[in-house]
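S.K.: what follows is a predicted protein model with its sequence.
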Amino acid sequence: MGLFGFGNKKETKKEEIIDGPKVKPKNLKDTDMDSIIKNSKIPVIVDCWAVWCQPCKAIAPIIADLATEYQERVLVTKLNTEKNRKMAAKYGIRSIPTILYFKNGKLVKRTVGALPKKSIKTVIENQLLK
């Protein structure tokens, strides 16, 4: 506690309990993205982001949670659009964050903006896992 009992109070955050180990999103590159998407036996989502993008930073924990939550059912990946301009151009990424959703190697949906977790999960459930 700070002076007079104000400020610097640590708040504890309740975390969701998910069975099994945490899974991190896979980082993609220009050289491997198409191959990974094409050869994946499960649907793939690609979070297109950049270091300087504040909305991208806001959804990063959501993307990380989804990687664990959907492990073995959806491959959750990230593409840094600043370092991988070829793939960003190929998929017409004009605004970030953009999430690309692939099923059977084909792009089936894209969302733009910092969507809440519930909205991303709805797309995954309705577009990729049906």
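M.R.: In hand now; what should we look at?
S.K.: quick one, strands of the chain?
M.R.: 26-28, 44-49, 75-80, 98-103, 106-112 (DSSP state E).
S.K.: ok, residue 50 to residue 28 distance?
M.R.: 14 Å (CB to CB, to the nearest Å). For every residue, glycine as well, the C-beta is placed using N, CA and C.
S.K.: higher neighbour count, those two?
M.R.: residue 28 (22 against 16; other CB atoms under 10 Å).
S.K.: I'd assumed residue 46 was in contact with that one.
M.R.: Yes: with contact defined as CB atoms under 8 Å, residue 28 reaches residue 46; the gap is 6.6 Å.
S.K.: before we move on, the earlier item: right, and the strands of the chain - which one's nearest residue 60?
M.R.: strand 44-49 (7.4 Å; CB to CB).
S.K.: parallel or antiparallel, which strands does that closest one pair with?
M.R.: strand 75-80 (parallel), strand 98-103 (antiparallel) (DSSP bridges).
S.K.: any chance of those in a markdown table, plus distance to residue 127 and mean neighbour count?
M.R.: Shown next, in a markdown table, are the strands paired with strand 44-49 (distance: least, CB to CB, whole Å; neighbours: other CB atoms under 10 Å):
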| stretch | distance to residue 127 | mean neighbour count |
| --- | --- | --- |
| strand 75-80 | 14 | 22 |
| strand 98-103 | 6 | 22 |
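S.K.: now render the ones you listed as JSON lines, adding mean pLDDT.
M.R.: Shown next, in JSON lines, are the strands paired with strand 44-49 (pLDDT from 0 to 100):
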{"stretch": "strand 75-80", "mean pLDDT": "98"}
{"stretch": "strand 98-103", "mean pLDDT": "98"}
